[in-house]
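1. Sequence and computational prediction follow.
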Amino acid sequence: MIELTYAFTALPANAGPATRRVSALVKATSRIAAAGKIRRMGLTKPRIELALGQTLQDGAGLLSPPKDFDLREKSRLFDTIGRRLQRGGGIIQALESAVDYLSDGRLKSAVALTNAQIQLGQDVGQAMRTAGFNVRDCMVIQALGESGAMHKAFTDLAADAKTRLARARSLESALRMPAIMLVALYLMIPAFLLGLAPKIAVFFARLDTKFSLPDSVTAIYALSAWAVKNISAYAVLWTVLGIAALALARSSLWSSLAMRIDFVRDLVQKREHAALWSAYSVMYAAGIPPMDALDVLADTTTLPQTRQALTRMAKRIRGGATEVAAIAASTLPEFVLSGYKAASESGSTSEGLAIFASMLDEDAQIMTERAKAALEVGSMVLMAAIVLLTGYIVYYPIAGPMLQSL
């Protein structure tokens, strides 16, 4: 279903004469549905406009929405709030000043809605959940807020966001070269078939020669002639092919095929568990019961087997098993059992888990660098193959007749 993003301003239900209007974003299928969502937030007198740019950026509900806000912006926001709270500042003032340094529209909207919900009487954790922050962050903030250490919650979550950002950037760096090569190839093929190939075909046809091209080269120039003659059909087919390739790259089928490669499976597993136990350590330090933390984190995993194992672990703990025994009874990897056991025996389970997560991060980083090196070599091989193939296709019709006449 197509979902549009609307920009709106509204007043809290308990607004006084001097109350400023809340400016935020809301996703809905229509303006009427957006107005209903805004009223359910406790806001009144909304002024709603379609935010076309943000709708396109969010994929209009047709693409998978991002799992979180911009991590760089989020870490800056949480770090700033944590430091202001530690110095005795108020959460309302910290949220109001955030609009001065945030550029992510979605995050800025969530901050404005959080501020409005707090002024309507909600506690900070619940207000952030209503505004669209992820459940894990809200649980940590609510738990530490109740113990008077809300500044620590924001500081810990800021550090976690920075770690996740570094992890994401390392993977993006490894995939950048292959992605550039594939995009260049996707653009070069139609440029050749519609631009260069017809000119070479005309040049070859004018030559008074009995030289015949190989069948493979003839087939390529025949395809070029068809593409020029039926350019609309070719444009549609090539566009559909590109969209299908992009959809395949994001599909579970592609993931399942990639996971059959041992190196890829080990890398994905290490990255996922590094993120998982880093988040778990933050929740554990906040005093959130392990089974509740596992329920929340299970929904954030990428691998189905990890999700099932966490669900099984949570059930075991609810049944009275210790955390180590619950891991042993689940299907989590052996390195998780040994890492958790070492953390629980270290004197501070949360700190031990944070160290365990950082070790997994180091392993994942080393594996990512190895993958990056291999992908760069593969990209160079692909580039060399493209150059040789282009030379074969382009120079054969030109050089062949000349060589035959010698």
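-> Good, I have the coordinates.

2. dump the residue contacts of the closest residue to residue 6 other than its chain neighbours.
-> Closest residue in space to residue 6, ignoring its immediate chain neighbours: residue 34 at 4.4 Å, by CB to CB, 6 or more residues apart in numbering. (Each C-beta comes from the backbone N, C-alpha and C, glycine too.) Residue 34 is in contact with 4, 6, 8, 26, 27, 28, 46, 48, counting by CB atoms under 8 Å, 6 or more residues apart in numbering.

3. Residue 221: which of these is nearest?
-> Using CB to CB, residue 4 comes nearest to residue 221 of these, at 46.5 Å.

4. Give me the pLDDT for the closest residue to that closest one other than its chain neighbours.
-> Distance criterion CB to CB, 6+ apart; nearest residue to residue 4, sequence neighbours excluded, is residue 55 at 5.1 Å. With respect to pLDDT, residue 55 scores 78.

5. Could you look up the SS state of residue 55?
-> What DSSP: H, G, I helix; E, B strand; the rest coil gives for residue 55 is helix.

6. ok, so what distance separates it from residue 2?
-> According to CB to CB, to the nearest Å, residue 55 stands 9 Å off from residue 2.

7. again, but for residue 215
-> From residue 215 to residue 2 the distance is 48 Å (CB to CB).

8. Output the one helix or strand in the chain whose mean pLDDT sits lowest as PDB, nothing but the C-alphas.
-> In the chain, no helix or strand scores lower on mean pLDDT, DSSP states H and E than helix 252-258, which sits at a mean of 73. What follows is helix 252-258 as a C-alpha-only set of coordinates in PDB (Å, rounded to 0.1, in the frame of the first residue of the first chain):
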ATOM      1  CA  SER A 252      15.700 -13.000   0.800                       C
ATOM      2  CA  LEU A 253      16.600 -15.300  -2.100                       C
ATOM      3  CA  TRP A 254      19.900 -13.400  -2.700                       C
ATOM      4  CA  SER A 255      20.600 -13.400   1.000                       C
ATOM      5  CA  SER A 256      20.000 -17.200   1.200                       C
ATOM      6  CA  LEU A 257      22.300 -17.800  -1.700                       C
ATOM      7  CA  ALA A 258      25.000 -15.600  -0.300                       C
END
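
9. Which residues does that helix contact?
-> Against helix 252-258 from outside (CB under 8 Å, 6+ apart): 248, 264.

10. Buried residues, the helix or strand just after that helix. List them.
-> Following helix 252-258 in sequence order, the next helix or strand is helix 262-285 (DSSP states H and E). Buried residues in helix 262-285, counted by 16 or more other CB atoms under 10 Å: 267-285.

11. Show me what the longest helix anywhere in the chain is packed up against.
-> Ranked by residue count and defined by DSSP state H, the top helix of the chain is helix 349-405. Applying 3 or more CB pairs under 8 Å, 6 or more residues apart in numbering; DSSP states H and E, one finds that helix 349-405 contacts helix 150-191, helix 197-206, helix 215-229, helix 262-285, helix 334-344.

12. out of those helices, deepest packed?
-> Mean neighbours per residue, mean count of other CB atoms under 10 Å, is largest over the helices and strands packed on helix 349-405 for helix 262-285, with a mean of 20.

13. mind saving the C-alpha coords of it as CSV?
-> C-alpha atoms of helix 262-285 as CSV (Å, rounded to 0.1, in the frame of the first residue of the first chain):
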residue,chain,number,x,y,z
ASP,A,262,31.1,-20.1,4.4
PHE,A,263,33.0,-16.8,4.5
VAL,A,264,29.9,-14.7,4.0
ARG,A,265,28.0,-16.7,6.6
ASP,A,266,30.7,-16.3,9.2
LEU,A,267,31.0,-12.5,8.5
VAL,A,268,27.3,-11.9,8.7
GLN,A,269,27.1,-13.9,11.9
LYS,A,270,29.9,-12.1,13.5
ARG,A,271,28.5,-8.7,12.6
GLU,A,272,25.1,-9.6,13.8
HIS,A,273,26.2,-10.9,17.1
ALA,A,274,28.5,-8.0,17.7
ALA,A,275,25.6,-5.6,17.3
LEU,A,276,23.3,-7.9,19.2
TRP,A,277,25.4,-8.3,22.4
SER,A,278,26.5,-4.7,22.3
ALA,A,279,22.9,-3.7,22.5
TYR,A,280,22.1,-6.4,25.1
SER,A,281,25.0,-5.1,27.3
VAL,A,282,23.4,-1.6,27.3
MET,A,283,20.0,-3.0,28.2
TYR,A,284,21.5,-5.3,30.8
ALA,A,285,23.3,-2.4,32.4
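
14. circling back to that earlier point, which of the contacts of residue 34 fall within strands?
-> Taking DSSP state E, the ones among the contacts of residue 34 that sit in strands are 4, 6, 8, 26, 27, 28, 46, 48.

15. In CSV, list these along with distance to residue 393.
-> Shown next, in CSV, are the ones in strands among the contacts of residue 34 (distance: CB to CB, whole Å):
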residue, distance to residue 393
4, 46
6, 51
8, 56
26, 53
27, 48
28, 52
46, 60
48, 55
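
16. which of these lies closest to residue 197?
-> Closest to residue 197, out of all of the ones in strands among the contacts of residue 34 and judged by CB to CB, is residue 4, at 42.7 Å.

17. how close does the closest one sit to residue 313?
-> Taking CB to CB, one finds residue 4 at 40 Å from residue 313.
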